[in-house]
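Engineer: Build the 3D model from these lines:
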Amino acid sequence: MLTPWIGLAMFVISFPILWWNERRATGQRASHPSGPAAGGSTVPVVQGTPVNKDGPDNARGADVEAEAVVGKEVATTERHSLLQLSPTEAYQEGVNNFEDRICTPFYCRAVRQCFEKMPELDGYGDCRTYFFRVLGVMMMFTGIDMFLSPTYFLVHSLWFFGFIVAGHLALCACKSACMLSIGTIATSYVIHRPGIVLFLATSIVGVSALSLYYNVPTHGAAAAAAHR
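Structural biologist: Residues are numbered from 1 along each chain as shown. Now for the predicted structure:
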């Protein structure tokens, strides 16, 4: 019974395919002004005494203090370089760091490296972008279907109405795959555009505030007057 496990693997791998395909279509990663892409280095070279781990205790203590000072200087330099960024560049740097933190599984890193080694696209509407979108959506739907295949078999064996329940379950799997794939593509597209993120956040907060304001029940004298 390897079918459910193969389906689960396809379902899990479809997420990084959709995410990094959309990330590749929106453009290259934002480069840090002091990073290698800009001709600099994110870690400054600090001159100091070489570490002597085999020396006496006082020498090792001095080495430990020197390493602590170097670490503090590196962290301070990185903070200063981030403060020199514009708000948009700082936001992009934060999003890139967030992607680096969440893409820790080996399959996510493998998919990311594959997309980074592919040739550049001709534009956002490149046919290769649509190919990987369709591939990711089909992998997600097929993976859910394969994962639920034992459930289909059990439900379909029920007398008289089993095929109806199995059909509804398959329809639910199809809708779930569509919603998850569209959500992944939309999130990967929007998260690198701070203007759209700000607009959506403002709209959500505004609509929620208006809904709470008009749906809050009245109390006290106002409620008594309303019920008269």
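Engineer: CA atoms of stretch 154-163 as PDB?
Structural biologist: Taking C-alpha atoms only, stretch 154-163 is exported to PDB below (Å, rounded to 0.1, in the frame of the first residue of the first chain):
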ATOM      1  CA  LEU A 154     -13.900   1.700   1.800                       C
ATOM      2  CA  VAL A 155     -16.700   4.200   1.200                       C
ATOM      3  CA  HIS A 156     -17.500   3.000  -2.200                       C
ATOM      4  CA  SER A 157     -18.000  -0.500  -0.800                       C
ATOM      5  CA  LEU A 158     -21.000   0.700   1.100                       C
ATOM      6  CA  TRP A 159     -24.300  -0.500  -0.300                       C
ATOM      7  CA  PHE A 160     -26.500   1.900  -2.300                       C
ATOM      8  CA  PHE A 161     -25.100   5.300  -1.300                       C
ATOM      9  CA  GLY A 162     -21.400   4.600  -1.100                       C
ATOM     10  CA  PHE A 163     -20.600   6.000  -4.600                       C
END
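Engineer: and the chain, what are its domains?
Structural biologist: Following automatic domain parsing, one gets these domains for the chain: 3-30+85-215, 33-81.
Engineer: Tell me which of the ones you listed is the most buried.
Structural biologist: Mean neighbour count (mean count of other C-beta atoms under 10 Å) peaks for domain 3-30+85-215 among the domains of the chain, with a mean of 15. (Glycine included, C-beta is placed from N, CA and C.)
Engineer: gap between the two ends of it?
Structural biologist: One end of domain 3-30+85-215 sits 49 Å from the other (C-alpha to C-alpha, to the nearest Å).
Engineer: before we move on, the earlier item: would you format the domains of the chain as a markdown table with mean pLDDT included?
Structural biologist: Below are those laid out as a markdown table (pLDDT from 0 to 100):
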| stretch | mean pLDDT |
| --- | --- |
| domain 3-30+85-215 | 86 |
| domain 33-81 | 50 |
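Engineer: Let me know the distance separating T104 from W20.
Structural biologist: Noted for T104: a distance of 14 Å to W20, by C-beta to C-beta, to the nearest Å.
Engineer: Also A110?
Structural biologist: Distance from A110 to W20, by C-beta to C-beta: 10 Å.
Engineer: Looks like A170 contacts M146 (just checking).
Structural biologist: No: the criterion here is C-beta atoms under 8 Å, and A170 misses it with M146 at 11.8 Å.
Engineer: Which strand or helix spans L212?
Structural biologist: helix 194-215 (DSSP states H and E).
Engineer: Residues contacting that helix, please?
Structural biologist: P87, T88, Y91, Q92, V190, I191 (C-beta atoms under 8 Å, 6 or more residues apart in numbering).
Engineer: taking the residues you listed one by one, which sit in strands?
Structural biologist: Assigned to strands by DSSP state E, none of the contacts of helix 194-215 qualify.
Engineer: could these be laid out in CSV, adding distance to V165?
Structural biologist: Shown next, in CSV, are the contacts of helix 194-215 (distance: C-beta to C-beta, whole Å):
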residue, distance to V165
P87, 53
T88, 51
Y91, 47
Q92, 48
V190, 37
I191, 38
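Engineer: Max pairwise distance over those: which two?
Structural biologist: Spatial extent of the contacts of helix 194-215 (C-beta to C-beta) is set by the pair P87 and V190 at 17.3 Å.
Engineer: First-to-last residue distance for stretch 150-161?
Structural biologist: 17 Å.
Engineer: contacting residues around that stretch?
Structural biologist: With C-beta under 8 Å, 6+ apart, stretch 150-161 has contacts from M1, T3, P4, G162, F163, V165, A166, L169, A170.
Engineer: Surely the second one and G143 touch.
Structural biologist: It refers to T3. No: if you go by C-beta under 8 Å, T3 and G143 don't touch, sitting 10.5 Å apart.
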